[in-house]
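# Give me a model of this one.
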Amino acid sequence: MALLSASEFLERRVGVCRDFAHLGIALCRSINIPARMVAGYLKGLEPMDLHAWFEAFVGGRWYTFDATQPEPRAGRIVVAYGRDAVDVALISQFGPDMPPSDMQVSVEAIAPPSSAG
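The predicted structure is shown next:
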């Protein structure tokens, strides 16, 4: 796996969710907008896999940005926040790659608790 800078990724215009998130973070930080990497799961993502997006701090709150999705989507399950992908790696592996062959991940919407009381 080749490591690309944000400017190299912008030039190539091809990448995965992590690359898009890094580019957004770099652009925000270049104009002094705090930004952070987020790793997690997204309802309806096919195939289901760990996903990355970024958040920018504007006007006193964090806003979610995900350049891989054509429109805003709910159903995000956050696993980790960090400065970049190194901070939010699901695993840091040393040795041979041996993922569990039977592991499955899914995200399902549930009804919010009733406010009757």
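# Now do the residue nearest to the spatial centre of the chain against Ser106, distance only.
Closest to where the C-alpha atoms of the chain average out (Cα atoms, centre = their mean) is Ala52, at 1.6 Å. Distance check for Ala52 against Ser106: by Cβ to Cβ, to the nearest Å, it reads 18 Å. Bear in mind the C-beta positions are built from the backbone N, C-alpha and C, glycine included.
# before we move on, what about Gln69?
18 Å.
# Between these two, which is the more surrounded one?
Neighbours were counted for Gln69 and for Ser106 using other Cβ atoms under 10 Å; Gln69 has more, 16 against 7.
# Report pLDDT for that one.
Confidence at Gln69, expressed as pLDDT, is 91.
# Excluding sequence neighbours, find me the nearest residue to it.
Once flanking residues are discounted, Gln69 sits nearest to Leu42: 7.7 Å by Cβ to Cβ, 6 or more residues apart in numbering.
# Can you list the buried residues in the longest helix seen in the chain?
Longest helix in the chain, counting residues (DSSP state H): helix 17-30. By 16 or more other Cβ atoms under 10 Å, the buried positions in helix 17-30 come out as Cys17, Arg18, Asp19, Phe20, Ala21, His22, Leu23, Gly24, Ile25, Ala26, Cys28.
# and Met37, which of the three is it?
strand (DSSP: H, G, I helix; E, B strand; the rest coil).
# Counting by contacts, list what the helix or strand of the chain with the lowest mean pLDDT packs against.
Least confident helix or strand of the chain, by mean pLDDT, DSSP states H and E, is helix 6-12 with a mean of 80. With contacts defined as 3 or more Cβ pairs under 8 Å, 6 or more residues apart in numbering; DSSP states H and E, helix 6-12 has these neighbours: helix 17-30.
# which helices and strands sit right next to the helix it packs on?
By 3+ Cβ pairs under 8 Å, 6+ apart, helix 17-30 packs against helix 6-12, strand 35-42, strand 51-58.
# wait, which of the ones you listed is closest to Asp84?
Closest to Asp84 of the helices and strands packed on helix 17-30 is strand 35-42 (Cβ to Cβ; 5.3 Å).
# Good, we can wrap up now.
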